[in-house]
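J.: Fold the following.
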Amino acid sequence: MGVDCKYNGKNNKNLAAINYLKDKEIICICPEQLAGMATPRPCAEIVNGVVTDENGNDVDLEYKRAVSMALSKIQHEDIELAILQSRSPTCGVNQIYDGSFTGKLISGMGLFAKALKERGIKVIDVEEVESFNLLDCPQLQSI
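T.: Predicted coordinates for the structure are as follows:
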């Protein structure tokens, strides 16, 4: 959506997502920012099932707390679709980084994406918006 909330202080503005969402009720949420994590902040990846930052610090509890806060914030919302950011240890839908901090991707989901899916919410990667069948989900409320 163009909000500077990435670990590096930048954003991944996606015009296809913005255009898709322009006539829908949306909730923009970044679990990390909601939890008060700094922006920018050290890059983090899931290493052997534990969120770890690029300096080797175990930040798993911080990220799990961020996801818990985000879930709490949306718990009473009727959400039909979540459009989440690619590759993130929080919001990655189809792929995440492998934990080596070398840019290598593996199949997997971030913590927030997985929690939403477990709650029955359809999640898609922002990169899938252009090919998403809009007829499947009319009048969506998205995050």
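
J.: mind listing the strands for this structure?
T.: Applying DSSP state E to the chain gives strands spanning 25-26, 44-47, 50-53, 81-84, 95-97, 105-107, 122-125, 141-142.

J.: who touches the closest residue to residue 14 other than its chain neighbours in this structure?
T.: Spatial nearest neighbour of residue 14, excluding adjacent residues (CB to CB, 6 or more residues apart in numbering): residue 126 at 5.1 Å. (Each C-beta comes from the backbone N, C-alpha and C, glycine too.) Contacts of residue 126 were listed using CB atoms under 8 Å, 6 or more residues apart in numbering, and they are 12, 14, 17, 83, 84, 85, 86.

J.: from the residues you listed, which ones fall inside helices?
T.: Secondary structure assignment by DSSP state H places residue 17 of the contacts of residue 126 in helices.

J.: Which of the contacts of residue 126 has the largest number of neighbours?
T.: residue 83 (25 neighbours; other CB atoms under 10 Å).

J.: Where does pLDDT dip in this structure?
T.: Within the chain, the stretches with pLDDT under 70 are 132-143.

J.: centroid residue for it?
T.: Centroid check for the chain by CA atoms, centre = their mean gives residue 91 as the closest residue, at 2.2 Å.

J.: just checking, that residue touches residue 114?
T.: No. Taking contacts as CB atoms under 8 Å, residue 91 lies outside contact range of residue 114: 10.0 Å.

J.: rewinding a little: leaving out chain neighbours, which residue sits closest to the residue nearest to the centre of the chain?
T.: Residue 91 sits nearest to residue 84 (CB to CB, 6+ apart), 3.8 Å away.

J.: correct me, but the one you found touches residue 127?
T.: No. Counting by CB under 8 Å, residue 84 stays clear of residue 127, with 10.2 Å between them.

J.: partner residues bridging residue 50?
T.: Residue 50 has the following beta-bridge partners by DSSP bridges: residue 47.

J.: pull the longest helix from this protein.
T.: Of all the segments of type helix in the chain, defined by DSSP H, the longest one is helix 60-74.

J.: ok, back up a step: so how far is residue 29 from the residue nearest to residue 91?
T.: According to CB to CB, to the nearest Å, residue 84 and residue 29 sit 10 Å apart.

J.: just residue 78 next, same as before
T.: Taking CB to CB, one finds residue 78 at 15 Å from residue 29.
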